[in-house]
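Asker: everything below, folded, please.
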Amino acid sequence: MRINALLKAQQAVDRAATRRWQSGIATLDGALSGGLAYGRVHEVFAAEPADSAATAGFALAVATGMADGRSCLWLRSRRAAGLGGVLQANGWSDLGGLPGQALCGILPDGIALLKAAVDALRCAELGAVIIESRGSLRELDLTASRRLSLAAEKSGVPLLLLRVDATPSPSAAHTRWQVAAAPSQALPGNAPGVPAFDLELLRQKSGPSGLHWRLEWDRDQHRF
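Answerer: Model (predicted):
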C-alpha cells in the first residue's frame, strides 16, 4: 500500500511538472490536467477518409500553437503524399503558421518514416513534429511507439501522429483523438468562416476520455 501511495504521489508530481499548451477551451484543458502535454506522443485519427483535410488542418493548428514560433517538421510517407496532395504554404499561413518555419520530408516507407521521426524528436530546437500516414502502418507497433515516446519525452518536443484510413491499436501515445470536419459559421458579408472541427478524445493516460467538443481555430491567437 505504501508503494502504491508513493507511485501515485510521483505521478502527481510528474503531471504537475509537465509543460502543457493551453488550447483556449477551459473544459478541454481541464480534461487534460491543464492542457496538451509537450514531450508526448498524441495520435490524431480522421473519423472518415473524407475528413483527411480537416484532420490535417487540426494537427497543423495544434502544432502551430505548440511550436510557439519555432519550426515544425512534417514527415509524410510516399503513399500519404500521393493520396493527400501537396502541402501548400498559403494553407499553412491561413492556420497561423509561418511558411518559412515549415519543414517537410517525404519518406519511402514506414521504416524510414519512423526512423526519421525518432531522429527529429532528438532535436530539442524543433517546435513540433508531425507524422502523416495513410492506411495501416504495420511498422508502428507497440515497441516503435514506445521508442517515439521516449525520444519525445527526452527532448520535450511534441509528436502528432496523423492517421487517415487507419484503425487505432495499442500504443504508447499519451492521448488519442478523432477529428471530423464541422460546418463553419459565415463571417459578415457572407465571407467564409474560420476552420471548425468536431473533436473527440478517444483515450488518454491517467485521465478522462470519451469527451466531445466542436472547436473553431483562431489563427491570430493560436488558440481554439
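Asker: which element is the residue nearest the centre of the chain on?
Answerer: Geometric centre of the chain, nearest residue: L160, 3.2 Å, by CA atoms, centre = their mean. Using DSSP states H and E, L160 maps to strand 159-164.
Asker: who does the residue nearest to the centre of the chain bridge with?
Answerer: H42, I130 (DSSP bridges).
Asker: what residues are up against it?
Answerer: The contact partners of L160, taken as CB atoms under 8 Å, 6 or more residues apart in numbering, are H42, V44, A59, V62, A63, A128, V129, I130, I131. Every residue, glycine included, has its C-beta placed from N, CA and C.
Asker: run the last query once more with 7 Å
Answerer: H42, V44, A59, V62, A63, A128, I130 (CB atoms under 7 Å, 6 or more residues apart in numbering).
Asker: can you check R122 too?
Answerer: Contacts of R122 (CB under 7 Å, 6+ apart): A151, S155.
Asker: point out where this protein drops to low pLDDT.
Answerer: Low-confidence segments of the chain (pLDDT under 70): 1-17.
Asker: contacts for stretch 55-72?
Answerer: Residues contacting stretch 55-72 (CB under 7 Å, 6+ apart): 21, 36, 38, 44, 46, 92, 95-97, 101-103, 125-128, 130, 158, 160, 162, 164, 179, 195, 197, 217, 222-223.
Asker: dump that stretch to PDB, restricted to CA.
Answerer: The C-alpha coordinates for stretch 55-72 follow below in PDB (Å, rounded to 0.1, in the frame of the first residue of the first chain):
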ATOM      1  CA  THR A  55      -7.700  16.200 -39.600                       C
ATOM      2  CA  ALA A  56      -4.500  17.600 -41.200                       C
ATOM      3  CA  GLY A  57      -5.700  21.100 -40.500                       C
ATOM      4  CA  PHE A  58      -6.400  20.300 -36.900                       C
ATOM      5  CA  ALA A  59      -2.900  18.700 -36.500                       C
ATOM      6  CA  LEU A  60      -1.300  21.700 -38.100                       C
ATOM      7  CA  ALA A  61      -3.200  24.100 -35.900                       C
ATOM      8  CA  VAL A  62      -2.200  22.300 -32.800                       C
ATOM      9  CA  ALA A  63       1.400  22.000 -33.900                       C
ATOM     10  CA  THR A  64       1.500  25.800 -34.800                       C
ATOM     11  CA  GLY A  65       0.200  26.600 -31.300                       C
ATOM     12  CA  MET A  66       2.600  24.300 -29.500                       C
ATOM     13  CA  ALA A  67       5.600  25.300 -31.600                       C
ATOM     14  CA  ASP A  68       5.200  29.000 -30.500                       C
ATOM     15  CA  GLY A  69       7.200  30.400 -33.400                       C
ATOM     16  CA  ARG A  70       9.700  27.600 -33.800                       C
ATOM     17  CA  SER A  71      10.000  25.300 -36.800                       C
ATOM     18  CA  CYS A  72       7.600  22.400 -37.400                       C
END
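Asker: got the buried residues for it?
Answerer: Neighbour-count burial for stretch 55-72, counted by 16 or more other CB atoms under 10 Å, picks out 55-67, 71-72.
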